[in-house]
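# All I have is the shape, not the residue letters:
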Ligand code: AMP
Ligand code: ZN
């Protein structure tokens, strides 16, 4: 099985061939822990999980490292504004350590609910300040830095390859696409490696360093921790596309300035989740969390299923209608699988006939083709609907396919009995769907009622239901 991924650095598909035997070294940028992760962030972590599961599916072991940013991420990625964790601490009256711990726990709880595998190593920036200082010293020794106004900067003019990942042109570099430009910088894209000139009161997190008491820039943490756990060169680095022009561009510059080697063989980036036509983001205030979805009756796996319906390199618009369709789709899948389980007494078999073989080949090809999850889901559905594949073969295919999809399909049980309030809610939903001419949804609900032996009656007071 050969997996190809789209490498942002070369803008082309690249086969995964690990540097070390059968082990893929994977680094994924982790969360900044000053608030709950929004579902846009979570789309990116679902993409990373699909990537990891697909690599494991192809027979690799994956050494997956993820950082937790608990210091140094300013409200603007390019050194402007205030440290996000410090700002939240000021707002809430809690200490920075309390804030970071609380939201780190919330993040791990969210990813567990989404069936996202925990990284092999999760590392907090504040536990690796020494690694960052040592790395900055190397960059300084190699002549890539300057001091100004109390901060230590990376000098991009010393690194001719700067901006290659983002295809930044010379003009981009000259003018600087930033809103505000630090007066101390020689070039707008120069960035801070170490702040000693703490701009803010109550900067609680500060450390001694060769450049004075202060704290690290945000970008250096990923270079330092990737190097610490994966070495100077590793296989795959991923994150959301917003990281291409600044964060990952700066990471390459720092790591290469220190070691003289290109740190990453393949850069893989996930597209945005949009909400109201814009990128979902905390700063724009247009964000939803997993708990808010739960309040509206949606399970975390409904959101996972929703994400799997789009390729990771395409933008995905979030609407509640689309999430609802995903919920219905997943429910139907669960019902079908419950039937298949019943039919074969819950016993999968892997002695495949020709049809099963063909579905398997298609599925594998779609995983290997840059993680084409929408096609994988459609392979699963078509196979399930096939009339002449024995149930025990179907169940084996479902189990194996779910190793990549991560939808807990083998745990799915039919909810045989609908609770009265669930029926009432569905009756209302069906009425609403009919008024809105959404006959597909209305029919789905009617079909479910037929299956469950629920009869609808029109009365003067509206639609009533009773059990047969
Ligand atoms: P942060 O916690 O801000 O560092 O972001 C965590 C991850 O979420 C990063 O990989 C970002 O690129 C990604 N991200 C941020 N906003 C979105 C969005 N609207 N859709 C998808 N991914 C996002
Ligand atoms: Zn990072």
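Structure's in. What do you need? In this text, all values refer to a predicted model and were calculated from it rather than measured experimentally. Numbers count the residues shown, from 1 in each chain. Ligands and ions are numbered 1, 2, ... in the order given.
# so how far is the helix or strand where residue 252 lies from its chain's centroid?
Residue 252 belongs to helix 249-259 when elements are defined using DSSP states H and E. Relative to its parent chain, helix 249-259 has a centroid offset of 24 Å by Cα atoms, centre = their mean, to the nearest Å.
# Just the pLDDT at residue 440, thanks.
Note for residue 440: predicted pLDDT of 78.
# wait, residue 141
The model's pLDDT for residue 141 equals 98.
# Next, count neighbours for residue 317.
By the criterion of other Cβ atoms under 10 Å, residue 317 has 12 neighbours. Every residue, glycine included, has its C-beta placed from N, CA and C.
# same check, this time on residue 382
When neighbours are counted by other Cβ under 10 Å, residue 382 comes out with 11.
# helices or strands up against the helix holding residue 252?
helix 129-141, strand 151-154, helix 218-230 (3 or more Cβ pairs under 8 Å, 6 or more residues apart in numbering; DSSP states H and E).
# Rebuild those as a markdown table, extending it with distance to ligand 2 and mean neighbour count.
Formatted as a markdown table, these follow (distance: least, Cβ to the ion, whole Å; neighbours: other Cβ atoms under 10 Å):
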| stretch | distance to ligand 2 | mean neighbour count |
| --- | --- | --- |
| helix 129-141 | 13 | 19 |
| strand 151-154 | 15 | 24 |
| helix 218-230 | 3 | 25 |
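# and ligand 1, which of the ones you listed is closest to it?
For these, the distance to ligand 1 is smallest for helix 218-230, at 8.8 Å, taking Cβ to the nearest ligand atom.
# from the chain's centre, how far out does the closest one sit?
Taking the mean of its C-alpha atoms, helix 218-230 sits 19 Å from the chain's own mean (Cα atoms, centre = their mean).
# Next, the angle helix 249-259 makes with it.
60 degrees (axes from the mean of the first three to the mean of the last three Cα atoms, to 10 degrees).
# I'd like the next helix or strand past helix 218-230.
Next element after helix 218-230 (DSSP H and E): strand 234-240.
# so for the helix holding residue 252, what's the average pLDDT?
Here the average pLDDT along helix 249-259 is 98.
# Helix 129-141 and that one, what's the angle between them?
Going by the same axes, to 10 degrees, helix 249-259 makes 70 degrees with helix 129-141.
# who does the helix or strand following helix 249-259 pair up with?
Scanning forward in sequence from helix 249-259 by DSSP H and E, the next helix or strand is strand 264-270. Strand 264-270 sits in its sheet next to strand 234-240 (parallel), going by DSSP bridges.
# so where do the strands sit in the stretch 251-400 of the chain?
264-270, 273-275, 278-279, 316-318 (DSSP state E, counting those that start in this stretch).
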